[in-house]
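**Q** no FASTA, just this:
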């Protein structure tokens, strides 16, 4: 189970890296930047596919997408100077709460069914 979560973290990290590169190269139009972007996003899907072999697809996708949105928003704020308005902060907070609830529901289901996690 830990390996699956490791793959999910890698999927999130490579997705955020790919989207960060996309923003950075959008102004320059660098072919190398586009290649890095495409490779990072493709690798993200490969890691996600490995994660869903163990983690349920709904939970993995919710965490992958929600974490990606939250992290790329933070990158946008700290590296690209984006200023979040109140609605964006509320939406981001709701996404984080949603991810926590989905993950908590998965853990509760495993307790009820008696599955053992390592």
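**A** Looks like it arrived, so ask away. Because the structure is a prediction, the values reported are computed rather than measured.
**Q** quick one, helices of the chain?
**A** 2-26, 31-51, 57-80, 86-113 (DSSP state H).
**Q** hey, least reliable of these by pLDDT?
**A** With a mean of 80, helix 86-113 has the lowest mean pLDDT of the helices of the chain.
**Q** packing partners of that one?
**A** helix 57-80 (3 or more Cβ pairs under 8 Å, 6 or more residues apart in numbering; DSSP states H and E). Every residue, glycine included, has its C-beta placed from N, CA and C.
**Q** any buried residues in the helix it packs on, and which?
**A** For helix 57-80, burial by neighbour count (16 or more other Cβ atoms under 10 Å) applies to 59-64, 66-73, 75-76.
**Q** specify which member of those residues is nearest to residue 48.
**A** residue 64 (5.6 Å; Cβ to Cβ).
**Q** for that closest one, what are its contacts?
**A** Counting by Cβ atoms under 8 Å, 6 or more residues apart in numbering, residue 64 makes contact with 8, 11-12, 15, 44, 48, 51.
**Q** same thing but 7 Å
**A** Residues near residue 64 by Cβ atoms under 7 Å, 6 or more residues apart in numbering: 8, 11-12, 48.
**Q** ok, so of those residues, who is nearest residue 27?
**A** Nearest member of those to residue 27, counting by Cβ to Cβ, is residue 12, at 25.2 Å.
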